[in-house]
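Undergrad: Prediction below, plus the sequence it came from.
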Amino acid sequence: MPRSLAREQDIHSRPTPKSPPRLTSLTSRRIGIHTSTAGGIHNAAEHAYRIGCNTLQIFSSSPRQWARHELSYPLCEQMLRLRALYNLKPLVIHTNYLVNLASTNELFLKKSIEAFRGEVERALAICADYLVLHPGSFRGADREAGLLQTAAAIAAAIQGLDLAQGGLTILIENTAGSEFSLGGSFEQVGEVIDRLRDIIPIAACIDTCHTHVAGYDIVSEEGIYQTLQHLDAAIGLNNVKVIHCNDAKAARGSKLDRHQQIGKGTIGSEPFRILLNDLRLAHAAFIAETPIDKPGDDRRNVEALKKLVG
Ligand SMILES: [Zn+2]
Ligand SMILES: [Zn+2]
């Protein structure tokens with residue numbers, strides 16, 4: 001059976017066994033958190049549901065290791081069953097941090113392309129909806145060459161893989177924009193998307209912490225509406241499929257990427273209320289990548305976001 005059909009059946013049409021008890025309140029938005037896959041990827045779905053998520057993000061392999069990692073079929077099957085049971089969608093995978101598709105080092109670039117291809121293969125195997133990628137570091141070249149290189153490397157990595165049939169979209173994430181890192185402006189994210197939009201399903205992931213420390217005003221009410229206008233012009237709000245909801249430890253414009261619990265940092269709760277309630281973003285998944293300083297912080301951050309809706 002083509003994967004897309006299997007996916008439709010598994011996620012949407014398969015009759016769900018009697019509804020599990022809801023542990024927390026319902027929300028009209030898709031809200032979740034980056035969840036650990038310790039003990040197997042299916043554990044992430046269980047845990048996400050138990051802490052009140054209706055979407056989740058995971059790593060499909062160790063985020064700081066190159067080792068190739070194959071997912072076993074029964075695990076993927078189990079993941080699909082749990083997602084259907086718990087109404088968890090979309091499933092977002094975050095790419096390994098080592099991958100740098102803008103690298104000017106030929107060997108490193110080759111390794112990154114291979115690793116990213118592995119990410120795409122696993123995302124397809126697990127029937128993920130989105131694969132988030134940081135656009136990379138252009139050290140040794142200039143920014144424009146870096147953006148071109150990243151787009152070319154994504155195209156090279158996915159050759160022969162059918163993302164559209166697998167229902168998978170690559171999301172380019174904006175970054176804090178420090179030193180050589182690409183993606184510190186919405187225009188840079190938009191450029192990578194524009195270069196690839198005719199060949200693969202591609203859109204954007206916007207991180208609130210990165211946006212703030214890159215220098216955009218998302219704190220004052222006027223500022224956040226201007227920033228959304230800017231984002232709409234550069235990328236299109238309809239192309240923002242995932243919003244990483246992270247408060248920040250560092251100041252606006254500092255280029256320091258340190259995530260903080262929702263409402264406890266330099267952004268504060270109010271901007272999240274505006275984002276969560278803006279109907280132009282109602283299609284997006286709101287996913288926290290907040291630190292777990294003490295047990296239960298993940299549940300508390302998901303709750304904090306859900307309370308801001310409506
Ligand atoms: Zn992020
Ligand atoms: Zn970050």
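TA: Here it is on my side, so go on. Ligands and ions are numbered 1, 2, ... in the order given.

Undergrad: pLDDT on stretch 169-182, on average?
TA: Averaged across stretch 169-182, the pLDDT comes to 96.

Undergrad: buried sites along that stretch?
TA: Of the residues in stretch 169-182, 169-177, 180-182 count as buried by neighbour count, 16 or more other C-beta atoms under 10 Å. Just so you know, the C-beta spots here come from the backbone N, C-alpha and C atoms, and that holds for glycine as well.

Undergrad: which residues does the residue most central in space within the chain contact?
TA: Nearest to the mean C-alpha position of the chain, counting by C-alpha atoms, centre = their mean, stands residue 132 at 4.5 Å. Neighbour list for residue 132: 57, 92-95, 171, 173, 205, 242 [criterion: C-beta atoms under 8 Å, 6 or more residues apart in numbering].

Undergrad: Leaving out the residues flanking it, which one is nearest to whichever residue of the stretch 51-200 of the chain sits closest to ligand 1?
TA: The nearest approach of the stretch 51-200 of the chain to ligand 1 comes at residue 173, 5.6 Å away (C-beta to the ion). Spatially, and ignoring its direct neighbours in sequence, residue 173 is nearest to residue 205 (4.2 Å; C-beta to C-beta, 6 or more residues apart in numbering).

Undergrad: re the thing from before, widest-spaced pair of the buried residues of stretch 169-182?
TA: 169 and 180 (26.6 Å; C-beta to C-beta).

Undergrad: Any idea how far stretch 155-165 is from the middle of the chain?
TA: 19 Å (C-alpha atoms, centre = their mean, to the nearest Å).

Undergrad: List the buried residues for it?
TA: Buried-residue list, stretch 155-165, by 16+ other C-beta under 10 Å: 157-158, 161, 163.

Undergrad: In strands only, show me those residues.
TA: Assigned to strands by DSSP state E, none of the buried residues of stretch 155-165 qualify.

Undergrad: Adding distance to residue 301, write those residues out as a markdown table.
TA: Output for these, formatted as a markdown table (distance: C-beta to C-beta, whole Å):
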| residue | distance to residue 301 |
| --- | --- |
| 157 | 32 |
| 158 | 33 |
| 161 | 34 |
| 163 | 31 |
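
Undergrad: Could you export these as TSV, including pLDDT and distance to ligand 1?
TA: Formatted as TSV, those follow (pLDDT from 0 to 100; distance: C-beta to the ion, whole Å):
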residue	pLDDT	distance to ligand 1
157	98	21
158	97	22
161	96	24
163	96	21
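
Undergrad: Show me those residues that map onto helices.
TA: Using DSSP state H, the subset of those located in helices is 157, 163.

Undergrad: still on that earlier bit, ok, now how distant is the residue nearest to residue 173 from residue 220?
TA: 24 Å (C-beta to C-beta, to the nearest Å).

Undergrad: Just want to know which of the two has more residues nearby.
TA: residue 205 (27 against 12; other C-beta atoms under 10 Å).

Undergrad: Give the rounded mean pLDDT of whichever strand or helix holds the more buried one.
TA: Element membership for residue 205 (DSSP states H and E) is strand 202-207. Strand 202-207 carries an average pLDDT of 98.

Undergrad: That one close to ligand 1?
TA: Yes. Counting by C-beta under 5 Å from the ion, ligand 1 is contacted by strand 202-207 at residue 207.

Undergrad: So which residues on the protein come close to ligand 1?
TA: 207, 244.

Undergrad: Would you map the strands across the chain?
TA: 30-34, 55-58, 91-94, 130-133, 169-173, 202-207, 240-244, 247-248, 259-260, 285-288.

Undergrad: What are the boundaries of the helices in the stretch 51-200 of the chain?
TA: With DSSP state H, counting those that start in this stretch as the criterion, the stretch 51-200 of the chain has helices at 73-86, 106-125, 143-157, 163-166, 186-196.

Undergrad: For residue 19, give me the pLDDT.
TA: 46.

Undergrad: Lowest mean pLDDT across the helices of the stretch 51-200 of the chain, which one is that?
TA: helix 73-86 (a mean of 84).

Undergrad: now that helix against helix 106-125, angle please.
TA: Counting by axes from the mean of the first three to the mean of the last three C-alpha atoms, to 10 degrees, helix 73-86 lies at 60 degrees to helix 106-125.

Undergrad: May I have the distance across stretch 89-107, first residue to last?
TA: Terminal residues of stretch 89-107 are spaced 37 Å apart (C-alpha to C-alpha, to the nearest Å).

Undergrad: mind checking how far residue 153 is from residue 101?
TA: 4 Å.

Undergrad: Perfect, I'm done here.
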